[in-house]
Every structure is written in structure tokens, then in C-alpha cells.
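Chemist: Test case, fold it:
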Amino acid sequence: MLQPRVGVALALVQVFFGIHYFAAKIILQMMPPRAWASVRIVGAATLLLVYNLLFVRRAPRSFGDVARLAVFALFGVVFNQILFVEGLSRTTPAHSSIINSLIPVMTMGIALLAGQERATVARGIALGVSFASILLLLGVENFRVENELVVGDLLTLANGLSFSIFLVISHGFLKRTDPLAATSHLLVLGAIGILIAGAEPLSKVDFGTLPPQFWWLAAYAIVFATVLAYFLNYYALRHTDSSMVALFIYMQPPIATALSMIFLGERPGPRFWIAAAGVFVGVFLSVRDRARG
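Modeler: Okay, the predicted model is just below:
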């Protein structure tokens with residue numbers, strides 16, 4: 001049975017992430033994608049590293065651990081964040097949130113390929129329904145890569161795939177170490193990679209001319225949608241199984257879509273709603289089958 005405090009923590013994480021799609025979309029109208037990725041990750045890495053140094057006080061045990069964390073950071077932070085912001089700058093918060101809802105399904109698919117999980121009929125159906133739903137969202141019958149929305153959706157799909165790879169390859173390591181300490185080191189290593197990729201656009205940003213709205217939204221993205229979300233997510237994972245955590249991802253798209261419709265004038269058509277329903281079915285089948293073992 002899900003404890004009320006754990007349920008609240010999980011709900012808050014999804015609310016933070018759901019609002020973040022809208023907040024990030026506004027931010028990306030004021031700052032180039034890779035520059036914003038650099039600001040967000042450096043800010044979050046600094047806060048988590050300070051917390052780790054003051055309270056957790058754990059460091060990687062060996063050079064091998066640092067090397068593993070560097071590989072994890074490449075997929076879980078560098079590729080993930082750059083692809084996310086580059087995708088969101090071209091697509092809509094509604095599309096981005098729906099595609100990222102597929103992360104539990106993509107993680108299952110990669111785990112199957114890696115031999116970490118066994119294939120079942122339900123898992124095959126989940127992958128098939130999810131894949132078909134994304135093809136529908138992309139407009140496969142009239143697919144054009146020069147369509148900026150399609151490019152944004154593909155970049156967002158690659159972002160989710162990158163994070164799914166991170167979840168699969170880091171699973172064993174993160175179970176053997178303090179998750180918050182590991183996350184602080186992951187973000188520090190990831191910040192180095194993102195700064196390399198974002199150095200040029202970041203150097204051209206005139207921070208003195210940015211409006212107050214940027215700073216409020218940036219503070220929200222760094223503190224609530226990154227640092228606090230990590231804390232609450234790890235708290236929930238310690239008190240319930242990962243399948244329950246994955247199910248709460250359903251909350252993100254309605255929040256992101258509603259904010260996008262109200263404040264950005266987005267008007268999703270029937271194709272979007274059908275694809276969203278398909279994604280939800282795929283995720284449900286995946287999570288339910290994995291929960292059964």
C-alpha cells in the first residue's frame with residue numbers, strides 16, 4: 001500500500017516536471033538551448049555538490065567509479081539535457097511531455113535488448129502500441145524532416161532514449177552507492193560536458209539584459225524541477241517500488257498540455273489526443289507487466 005507521504009512526494013515530483021515543460025519553453029525564448037542547459041545543470045550541480053559536501057560527505061571510491069560516473073553522465077546528463085532543450089525549443093510542451101512519458105517503455109525495451117529482462121507478450125504489445133503512437137504523433141504518412149515540429153519531436157525522442165540508456169546501464173551501480181551523492185557527482189561531470197557544448201552560445205548571453213521573469217523561471221527550474229525533484233524522487237524510491245514511481249509519470253502531460261493551451265495558445269488536434277492515449281496504454285502495459293516480474 002502506498003504511504004500518503006510517498007504519494008505526496010511522487011505527485012509533487014510530477015507537478016514540478018509538468019510545470020517545467022512550460023517554464024523551460026518560456027526560458028528558451030530568452031536564451032539559446034545549450035546556454036540554458038549549461039545554466040540549469042551548473043546551478044543544480046553546485047547546489048547538490050554543496051549538500052553532499054556538508055551532509056552526505058561521500059566521494060567516488062576509485063578511478064573506476066569516476067570513469068563509470070562519467071559514462072553515466074554522458075547519457076543521463078549531457079546528451080539527455082542538450083537533446084531535451086534542443087527538442088523543446090522546436091516542439092511544444094504538450095508534445096515533449098507525451099514523448100518523455102515513454103521513458104518507462106523505452107527503458108524496458110533497452111533492458112530487453114541488454115538481456116536484463118525477459119520478453120513477454122504484454123511487453124511486446126506495450127512496445128508496439130507505444131511505437132505506433134509516436135509514429136502517429138510524428139505524422140508518419142506525411143513525414144517531413146524539414147518540419148521543425150517533427151525535428152523537435154525526434155530530438156525529444158532521442159532525449160528520452162538517452163535517459164533510458166542511462167537508467168539501464170547505471171542501475172546496478174546506483175543501487176550500491178548513496179544515490180544523492182552519486183547524483184551530485186553525475187551532475188558535476190555532466191556540467192563539464194554541457195559547458196563544453198554550450199560555451200559558445202553561453203558566452204554570447206548578456207545576463208544583464210535578461211528580464212526578472214527569466215530569473216524566476218530559472219530559479220524554479222533549478223531548485224524545484226531539478227534539485228528538489230531529485231530529493232523527493234529518491235525518497236519515494238526508498239519507500240515504494242519503481243513501477244509505482246513510473247505510473248505517476250501520467251501526471252506530467254496533462255499539466256504541461258493545460259499550461260501550454262492556456263498561456264501559449266497551443267491547440268492540440270485529434271492526432272495528438274489519439275497518440276497520447278496510445279502512449280498511456282503502452283506505459284500502463286509496460287509498468288504493470290514489469291511489476292508482476
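Chemist: Can you show me the helices along this protein?
Modeler: 4-27, 33-51, 63-73, 80-88, 93-100, 103-113, 121-138, 148-175, 179-203, 212-219, 229-239, 242-247, 252-263, 270-291 (DSSP state H).
Chemist: and the first one with helix 212-219, angle?
Modeler: Translated: helix 4-27. Relative orientation of helix 4-27 versus helix 212-219 (axes from the mean of the first three to the mean of the last three CA atoms, to 10 degrees): 140 degrees.
Chemist: ok, back up a step: point out the most buried one among the helices of the chain.
Modeler: helix 93-100 (a mean of 28; mean count of other CB atoms under 10 Å). The way it works is simple: take the backbone N, C-alpha and C, and place the C-beta from them, glycine included.
Chemist: Give the rounded mean pLDDT of that helix.
Modeler: The average pLDDT within helix 93-100 is 96.
Chemist: what's the angle between that helix and helix 270-291?
Modeler: 30 degrees.
Chemist: Please put the alpha-carbon coordinates of helix 93-100 into CSV.
Modeler: Output of helix 93-100 as CSV, limited to C-alpha atoms (Å, rounded to 0.1, in the frame of the first residue of the first chain):
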residue,chain,number,x,y,z
PRO,A,93,5.4,21.4,-24.2
ALA,A,94,2.5,19.0,-24.9
HIS,A,95,4.4,17.0,-27.5
SER,A,96,7.6,17.0,-25.3
SER,A,97,5.8,15.7,-22.2
ILE,A,98,3.9,13.0,-24.1
ILE,A,99,7.1,11.7,-25.7
ASN,A,100,9.0,11.8,-22.5
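Chemist: any idea of the pLDDT on residue 1?
Modeler: Per-residue pLDDT puts residue 1 at 63.
Chemist: same thing with residue 244?
Modeler: pLDDT, residue 244: 72.
Chemist: now swap in residue 62 and tell me
Modeler: 88.
Chemist: what number of residues lie near it?
Modeler: Residue 62: 8 surrounding residues under other CB atoms under 10 Å.
Chemist: check contacts around it.
Modeler: By CB atoms under 8 Å, 6 or more residues apart in numbering, no residues touch residue 62.
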